[in-house]
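Trainee: Everything below, folded, please.
(one chain, ligands or ions: 1)
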Amino acid sequence: MNLPERLRTGTVYSFEFYPPKTAEDTARLFNTALELKALSPDFVSVTNSSSGVTPYRTVALCGVLKAQFGLEIVAHLTCLAHTRREIAEICDGLKKMDITNVLALRGDPHNVDSGARRSDYSYAAQLIADLKREGGFSLGGACYPEKHPEAASLEADIARLREKVDAGAEYLITQLFFDNSYYFRFLEKAAAAGISVPVLPGLMPLTGYKQMQNFTKMMQVTVPDELRRGIERWEGDKDGMFKFSVEYASRQARALLDGGAPGLHLYTLNRSRAAIAILKNVKGAPRAAA
Ligand code: FAD
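Mentor: Numbering: from 1, shown residues only. Sure, this is the predicted structure:
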C-alpha cells in the first residue's frame, strides 16, 4: 500500500491499537482485529511505548497483524528513549516483518525514566530525517489541531511541523479533537505555512467523565459544551453513554468527510464496538453534495 498516495486519492479508514500486556487483553485484541478486518480498513496502526523498554512488543504485534490477519500496518516508532543504533535495530526488525509504513514520533518525556535516558534524539524531525536517509519506509508524523501542549502557540507548533514535513513526513495523523473547527482551522494555517501533505483526522468517542477530564488535562483538547453536557448526563449509564458518544463521534466524522478530510483514523483502545458503530453510521449515510 502506498499510503500517502491512497490518502490523496481515496477515503482512508484506519484503526489504532496498542500492544496488550496480558493474555486476556491479547485475546481481546485479536478478536477486535478480526471484527474490524471485516470493515476492510486501509490500515491499522500499532502504538509504541515511549519508555523505550518494550519496542519489540510493537514490532512483534505488527508482524502478527500483518502475517496472520492480513492487515496493512503502520508501526508507531518513538525516539526519545533510544540511541541511533537502537532505532536502526528496531527498523531492521520492522523490515524483517515487511512493515514499511512508520509513524515517526518523539514520545512523551514523562514516560521516559530519566536515569535510563540515553537518547540521540530530542524531536521527531530528527528521527524522520534518519529514517528518510536510511530509506525503505514511508513516513508519517503526528500533528495537533489545538497545538501540542508544549508549544507556545499554534503558529510556533506549525513552524516545527513544517520541519517534520521537510525532513520527510509524507502524511500526518492528528491528535484527537472533539470540535471540527480546530481541524479545519489547522488545515488552513498548515497550508499557509507551506504544508501540503494529507492530514488524517484522529477520532475517539469519549466513554466517561473521568476519561474526559484526563484528556482535557493531558492532551489539552477542548470539549465543547454539548459533548460535556452529554457525558455528564449519561455518566453511570453504560448503554446511554455508548449511544450518545457514538452518535456524537459519527456526526463529527461525517462532517469531517463532507468538509474534505482524506479519511478517518479511529482510536479504538483495542475494542471494536464503537468503531464498528461509527463506521456503519458514516458509510451508511449519503455524503453531502460537494
Ligand atoms: P515533535 O514533533 O518532536 O514535537 C514535540 C514538541 O516539540 C512540540 O511542541 C513541537 O512544537 C516542539 N518542537 C519540535 N521541534 C522542535 C525544535 N527543534 N526545537 C524546539 N521545539 C521543537 N506517544 C507514544 O508514546 N507512543 C505512540 O505510539 C504515540 N502515537 C501517537 C500518535 C499520534 C497520531 C499522535 C498525535 C500522538 C502520538 N503519541 C504517541 C504522543 C506523542 O509522542 C506526544 O504527543 C509527544 O509529546 C510529541 O510527539 P511528536 O512526535 O509530535 O513530537
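
Trainee: for the stretch 1-150 of the chain, what spans make up the strands?
Mentor: For the stretch 1-150 of the chain, applying DSSP state E, counting those that start in this stretch gives strands covering 12-17, 43-46, 73-78, 101-105, 138-143.

Trainee: Mind checking the pLDDT average for the third one?
Mentor: When you say that, I think you mean strand 73-78. Mean per-residue pLDDT for strand 73-78: 98.

Trainee: On the three-state scheme, Asp166 is what?
Mentor: Here Asp166 is recorded as helix under DSSP: H, G, I helix; E, B strand; the rest coil.

Trainee: Could you count how many residues lie near it?
Mentor: If you count neighbours by other Cβ atoms under 10 Å, Asp166 ends up with 13. C-beta here means a position set from N, CA and C on the backbone, and glycine is covered the same way.

Trainee: As JSON lines, the strands of the stretch 1-150 of the chain with mean neighbour count would be great.
Mentor: JSON lines is the format used below for the strands of the stretch 1-150 of the chain (neighbours: other Cβ atoms under 10 Å):
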{"stretch": "strand 12-17", "mean neighbour count": "23"}
{"stretch": "strand 43-46", "mean neighbour count": "24"}
{"stretch": "strand 73-78", "mean neighbour count": "26"}
{"stretch": "strand 101-105", "mean neighbour count": "25"}
{"stretch": "strand 138-143", "mean neighbour count": "24"}
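
Trainee: I'd like the ones you listed as CSV, with distance to the ligand appended.
Mentor: Formatted as CSV, the strands of the stretch 1-150 of the chain follow (distance: least, Cβ to the nearest ligand atom, whole Å):
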stretch, distance to the ligand
strand 12-17, 7
strand 43-46, 8
strand 73-78, 3
strand 101-105, 4
strand 138-143, 3
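
Trainee: Output those in a markdown table; the columns should cover distance to Asn214.
Mentor: A markdown table is the format used below for the strands of the stretch 1-150 of the chain (distance: least, Cβ to Cβ, whole Å):
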| stretch | distance to Asn214 |
| --- | --- |
| strand 12-17 | 17 |
| strand 43-46 | 21 |
| strand 73-78 | 20 |
| strand 101-105 | 20 |
| strand 138-143 | 19 |
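
Trainee: For Glu24, find the nearest of these.
Mentor: Smallest distance to Glu24 across these (Cβ to Cβ): 15.4 Å, for strand 12-17.
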